[in-house]
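> What shape does this take:
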Amino acid sequence: MSPLRGCSIVVLVALLAGCDGGDDFSDLDAYMNEMRLRAPGKIEPTPTFRSYPTFTYNAANLRSPFSRQVKVDLAHQQGARNVKPDPSRVKQYLEGFNIEQFEMVGTISNAAGSFALLRGAGGVHRLKVGDYLGRNDGRIVAISGSQVEVVEIVPDGEGAWLERPRILPLKEHS
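Numbering: from 1, shown residues only. This next block holds a predicted model:
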């Protein structure tokens, strides 16, 4: 063993011997007792938060305020007594939805005829002339490559009914 190494071991032992190995923690106990006296007796509970009622948006199926409206002056038009919805007709599936939520996305033709492709009510639907859609007895009267023409039957406010034309233009880039 080298003399330098032996000297360093002796110094290390001397330092460790100088440490007080007694069980005198009186200064630590005094400090802890002082802190216990200063600390509050109990912890406050967490604050309770009021719950607010959830909001459900119910206007998703209504007409968008940003889409163009069909301008029909119902105040000056008189309804016809021979125009009225047929109450005995069986309603089609797409008559349970507002017509404003439908948009024309294309046409398709085959041996059975020409059909319009309308997106809305959770999918794309194939419709032909004579099919109904919308809540106002809207009947498809014409289909072209750029639009679908629909005639709705609406009340005139005086007990009669009016036929209101509506056009669903082709939505490009859809």
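> Just the element for the residue most central in space within the chain, please.
The chain has Y57 as the residue nearest its centroid, 8.5 Å off, counting by Cα atoms, centre = their mean. Using DSSP states H and E, Y57 falls within no helix or strand.
> quick one, phi/psi of it?
phi -80, psi 120 (degrees, to the nearest 10).
> Who are the packing partners of the helix or strand hosting R139?
Remark: R139 resides in strand 138-143, with elements defined by DSSP H and E. The contact analysis (3 or more Cβ pairs under 8 Å, 6 or more residues apart in numbering; DSSP states H and E) places strand 138-143 against strand 113-120, strand 132-133, strand 147-155. (Glycine included, C-beta is placed from N, CA and C.)
> Going by contacts, tell me the helices and strands next to the last one.
It stands for strand 147-155. strand 138-143, strand 161-169.
> still on that earlier bit, output the helices and strands packed on strand 138-143 as a markdown table; include the columns mean pLDDT, distance to G106 and mean neighbour count.
Formatted as a markdown table, these follow (pLDDT from 0 to 100; distance: least, Cβ to Cβ, whole Å; neighbours: other Cβ atoms under 10 Å):
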| stretch | mean pLDDT | distance to G106 | mean neighbour count |
| --- | --- | --- | --- |
| strand 113-120 | 91 | 4 | 19 |
| strand 132-133 | 92 | 16 | 24 |
| strand 147-155 | 90 | 11 | 19 |
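> quick one, which of those strands is nearest to I140?
strand 147-155 (5.6 Å; Cβ to Cβ).
> where does the chain dip in pLDDT?
Along the chain, the parts satisfying pLDDT under 70 run over 1-4, 14-23, 39-41, 67-81, 174.
> change it to 80
Within the chain, the ranges that satisfy pLDDT under 80 run 1-8, 10-23, 38-44, 59-83, 156-159, 173-174.
> returning to that earlier point: angle of the strand holding R139 against strand 161-169?
50 degrees (axes from the mean of the first three to the mean of the last three Cα atoms, to 10 degrees).
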